[in-house]
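[1] Below: sequence and its predicted model.
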Amino acid sequence: MRKYLAFAMIGSATLLSGCGSTGLFNRDRPDEFAVQRQAPLVIPPDFALTPPAPGAPRPSDRSATQQAQDALFGPAAPRSSVETAAGNRAGTAAASIRSTVGDPKTNTVAKGDVTRDIIAAPQGDGREAQAVIGG
């Protein structure tokens, strides 16, 4: 009886070790989220086409990120003439703008007393800040 109990315990321990992620039964598994859908194979209508350069990306393929953005937000909306004119008049920012904003040597323009009072106002609700919920 003890012999069968010993074999049962060893067999149970061996089977239980298969549930773990380390040891003899450990294996590398592919990342199921890194799989990307490939475009289907298409026979070109013109057989006189030159083949693409080796290693060049396929023109019909888009990255998974671009496909997700297009699915969520759609294509880029066309800009109105007013928005385009405002962007053209604003120009482009310097490449180092994030570094120079906090620099003490950066010149700023005084916006007046109202802006200074708004910035210096204490945090939280003021006297006049009240919300009324109608019922």
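    Cool, got the structure. Residues are numbered from 1 along each chain as shown.

[2] neighbours of Ser17, just the number please.
    The burial metric for Ser17, expressed as a neighbour count using other C-beta atoms under 10 Å, is 12. Bear in mind the C-beta positions are built from the backbone N, C-alpha and C, glycine included.

[3] go on, Gly11?
    Gly11 is flanked by 10 other residues according to other C-beta under 10 Å.

[4] For it, which three-state class applies?
    Judged by DSSP: H, G, I helix; E, B strand; the rest coil, the three-state class of Gly11 is helix.

[5] Tell me how far it lies from Tyr4.
    10 Å (C-beta to C-beta, to the nearest Å).

[6] Name all residues that make contact with Arg98.
    Under the criterion of C-beta atoms under 8 Å, 6 or more residues apart in numbering, Arg98 has no neighbours.

[7] Could you tell me how many residues sit around Asp61?
    13.

[8] Give the closest residue to it in space, chain neighbours not counted.
    In space, not counting the residues next to it along the chain, Asp61 is nearest to Ala39; the distance is 5.6 Å by C-beta to C-beta, 6 or more residues apart in numbering.

[9] Look at that neighbour and give its secondary structure.
    Three-state assignment for Ala39 (three-state DSSP): coil.

[10] my guess is it contacts Gln67, does it?
    No: with contacts defined as C-beta atoms under 8 Å, Ala39 does not count as touching Gln67, sitting 10.9 Å away.

[11] lowest-pLDDT helix or strand in the protein?
    helix 97-100 (a mean of 78; mean pLDDT, DSSP states H and E).

[12] Put the alpha carbons of the next helix or strand after that one into CSV.
    Sequence-wise, the next helix or strand downstream of helix 97-100 (DSSP states H and E) is helix 113-120. Listed in CSV are the C-alpha atoms of helix 113-120, where the atom choice follows Å, rounded to 0.1, in the frame of the first residue of the first chain:
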residue,chain,number,x,y,z
ASP,A,113,-3.6,93.9,-14.2
VAL,A,114,-6.5,91.6,-14.9
THR,A,115,-4.3,88.8,-16.1
ARG,A,116,-2.0,89.3,-13.0
ASP,A,117,-5.0,89.2,-10.7
ILE,A,118,-6.3,86.0,-12.3
ILE,A,119,-2.9,84.2,-12.0
ALA,A,120,-2.4,85.4,-8.4
